[in-house]
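**Q** Sequence first, then the predicted structure, then my questions.
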Amino acid sequence: MAYNPFLNFCQVLDRAARIVGMESSEYEILKHPERELKVALPIRMDDGKLEVFEGYRVQHSSQRGPCKGGVRFHPDVNIDEVKALAAWMTFKCAIVNIPYGGGKGGIKVDPSALSAGELERLTRRYTAQILPIIGPQQDIPAPDVGTNAQTMDWMMDTYSMMKGYAVPGVVTGKHIEIGGSLGRTEATGRGIMIITRLAAESHGLSAPAVAIQGAGNVGSISAKLISEVLGFKVVAISDVSGGIYKASGLDIPEILKFIGGKRLLKDYDAAEVRHITNEELLTSEADILIPAALENQITADIAAKLKAKIVIEAANGPTSADADEILSERGIEVYPDILSNAGGVVVSYFEWAQNLQSLYWEEADINRMLEKVMVRSYADVEKCSSEYGVSLRLGAYITALKRLTGAAKLRGIFP
Ligand code: GLU
């Protein structure tokens, strides 16, 4: 059967509910997104031809606040993926205890194949099509795979033009000049760095070797902060073209400069650096593995061969359900995505709060508040998983499930 991330989510949810003895009627609603919108996006291409793209926005839950979550531009975007990503956002926001539900959007497109003009027209048309269901009190998009601050600027402008006044709080992850927050670009990577530090501490590793899959926003900033702030050696990193490995530690600043110049790692060359495949990266000789690319990367096959003692999920859904079981049998500890990569949405929340009050904060304050939220959330998840004697993933799901069903009980069912 084809991999279906939403079914994967529902299965973990059922397991978490069973452990706490919850009736299915108490959480059944979480298996059904509140709203699913599919849109057709006709775009005039640069050569004059018309092309129609497919887009989505799914609002999984608004139980604890407005829906919140990114917009993905990728050729593999489909409804089951967007539904899973939206549900994970609901759980992520509940774990870090910020007043949001979860949502996610996407367009089935390879953004690197479009010109800047085509990309702008596509983004604006998408925004116009989902406009009736987004807004600072309703649903707040942000960047995800294949989108960035520029995408958010176009979305903010399109929404604002339709309203007739500037509405910076409709999206997060914008450029600073139009209401973005200091620290937002680095936030997911900074959160990963904090969880990596806590994980190393709890396993008594003072100088672990780290392998990172992916060198997009999250992978590259995680690599930078883990080497620069924690002083851990990053022994492997990869991009779409493949990976590189060096047992004594890679020169991360040099590699990031190389990648920043829009070059691929397959063309990178330095003394003692070995080129490796994606599978070799995932199973490389390292203490900590950080998958920071896409879903379903650590499959059962990879899980059986993994050498790391710790996996920190920077991507959303990188570990398949059967791989998760193998890792747990092998005593490899997984720090789940919905905890580990929550730094992005936490600083999105700070950005939105600044937009709503038109009062802007300093970067040092933002980083300090992010640190506090990550440390507290990790402690909550840790406590819950030891209380029930389960994995950190189940501990994270249970923590979120309790907060979500608690909120639902207080609100009651309308009408
Ligand atoms: N796309 C990011 C995530 O998956 C950030 C979402 C946000 O900031 O709303 O967590």
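**A** Nice, thanks for sending it over.

**Q** contacting residues for residue 248?
**A** 233, 235, 272 (CB atoms under 8 Å, 6 or more residues apart in numbering). Quick note: C-beta positions are derived from backbone N, CA and C, even for glycine.

**Q** Confirm it sits in a helix?
**A** No. Counting by DSSP: H, G, I helix; E, B strand; the rest coil, residue 248 is not part of a helix but coil.

**Q** what are the phi and psi values for it?
**A** Residue 248 adopts backbone torsions of phi -90, psi 0, taken as degrees, to the nearest 10.

**Q** Check which residues of the helix or strand harbouring residue 82 are buried.
**A** Element membership for residue 82 (DSSP states H and E) is helix 79-95. Buried residues in helix 79-95, counted by 16 or more other CB atoms under 10 Å: 81-95.

**Q** Next: stretch 396-406.
**A** 396, 397, 398, 399, 400, 401, 403, 404, 405.

**Q** any chance of these in a markdown table, plus distance to residue 203 and pLDDT?
**A** As requested, the buried residues of stretch 396-406 are arranged in a markdown table below (distance: CB to CB, whole Å; pLDDT from 0 to 100):
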| residue | distance to residue 203 | pLDDT |
| --- | --- | --- |
| 396 | 18 | 98 |
| 397 | 22 | 98 |
| 398 | 22 | 98 |
| 399 | 21 | 98 |
| 400 | 24 | 98 |
| 401 | 27 | 98 |
| 403 | 28 | 98 |
| 404 | 30 | 98 |
| 405 | 32 | 98 |
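
**Q** In CSV: these, plus secondary structure and distance to the ligand.
**A** Below are the buried residues of stretch 396-406 laid out as CSV (DSSP: H, G, I helix; E, B strand; the rest coil; distance: CB to the nearest ligand atom, whole Å):
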residue, secondary structure, distance to the ligand
396, helix, 14
397, helix, 16
398, helix, 20
399, helix, 17
400, helix, 14
401, helix, 19
403, helix, 17
404, helix, 17
405, helix, 22
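
**Q** ok, those vs residue 10, which is closest?
**A** For the buried residues of stretch 396-406, the closest approach to residue 10 (CB to CB) belongs to residue 397, at 11.3 Å.

**Q** Quick check: chain neighbours aside, which residue is closest to that closest one?
**A** Spatially, and ignoring its direct neighbours in sequence, residue 397 is nearest to residue 16 (3.7 Å; CB to CB, 6 or more residues apart in numbering).

**Q** repeat for residue 77
**A** Among residues not flanking residue 77 along the chain, residue 106 sits closest, at 3.9 Å (CB to CB, 6+ apart).

**Q** Buried only: go through the contacts of residue 248 for me.
**A** By neighbour count, with 16+ other CB under 10 Å, the contacts of residue 248 hold 233, 235 as buried.

**Q** restrict the contacts of residue 248 to those near the ligand?
**A** When the contacts of residue 248 are checked against the ligand using CB under 6 Å from any ligand atom, none falls in range.

**Q** returning to that earlier point: which residues are contacting the host helix or strand of the residue nearest to residue 397?
**A** Using DSSP H and E, residue 16 sits in helix 5-19. Contact with helix 5-19 is made by 24, 26-27, 30-31, 80-81, 83-85, 87-88, 295-296, 317, 320-321, 388, 390, 393-394, 397-398, 401, as judged by CB under 8 Å, 6+ apart.

**Q** Report the inter-axis angle for that helix versus helix 79-95.
**A** Taking axes from the mean of the first three to the mean of the last three CA atoms, to 10 degrees, helix 5-19 and helix 79-95 form an angle of 40 degrees between their directions.

**Q** Now helix 5-19: buried residues?
**A** By 16+ other CB under 10 Å, the buried positions in helix 5-19 come out as 5, 6, 8, 9, 10, 12, 13, 15, 16, 17, 19.

**Q** avg pLDDT for it?
**A** The pLDDT scores in helix 5-19 average 96.

**Q** Extract the CA atoms of whatever helix or strand comes next after that helix and return them as PDB.
**A** Counting by DSSP H and E, the element after helix 5-19 in chain order, helix or strand, is helix 24-27. Provided in PDB are the C-alpha atoms of helix 24-27 (Å, rounded to 0.1, in the frame of the first residue of the first chain):
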ATOM      1  CA  SER A  24     -12.600   6.900  20.800                       C
ATOM      2  CA  SER A  25     -15.600   9.300  21.000                       C
ATOM      3  CA  GLU A  26     -13.400  11.700  23.000                       C
ATOM      4  CA  TYR A  27     -10.900  12.200  20.300                       C
END
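
**Q** Please point out which parts of helix 24-27 sit buried.
**A** Neighbour-count burial for helix 24-27 flags residue 27 (criterion: 16+ other CB under 10 Å).

**Q** other SSEs contacting the helix or strand just after that helix?
**A** Sequence-wise, the next helix or strand downstream of helix 24-27 (DSSP H and E) is strand 35-44. For strand 35-44, the packing partners by 3 or more CB pairs under 8 Å, 6 or more residues apart in numbering; DSSP states H and E come out as strand 50-61, helix 79-95, helix 116-130.

**Q** The ones you listed: which one's closest to the ligand?
**A** Among the helices and strands packed on strand 35-44, the nearest to the ligand by CB to the nearest ligand atom is helix 79-95 (6.1 Å).

**Q** Tell me the helix or strand right after the closest one.
**A** Sequence-wise, the next helix or strand downstream of helix 79-95 (DSSP H and E) is strand 102-108.

**Q** Starting from that next one, tell me which strands it pairs with and how they run.
**A** Paired with strand 102-108 in the same sheet, following DSSP bridges, are strand 50-61 (antiparallel), strand 67-74 (parallel).

**Q** Now the first one: average pLDDT?
**A** With pLDDT averaged residue by residue, strand 50-61 scores 98.

**Q** With adjacent residues omitted, what lies nearest to the residue of the stretch 301-415 of the chain found nearest the ligand?
**A** Per CB to the nearest ligand atom, residue 348 is where the stretch 301-415 of the chain lies closest to the ligand, at 3.3 Å. Computed as CB to CB, 6+ apart, the closest residue to residue 348 that is not its neighbour in sequence is residue 172, at 3.8 Å.

**Q** Would you mind listing what in the protein touches the ligand?
**A** Counting by CB under 6 Å from any ligand atom, the residues of the chain close to the ligand are 68, 69, 70, 142, 144, 172, 316, 341, 344, 345, 348.
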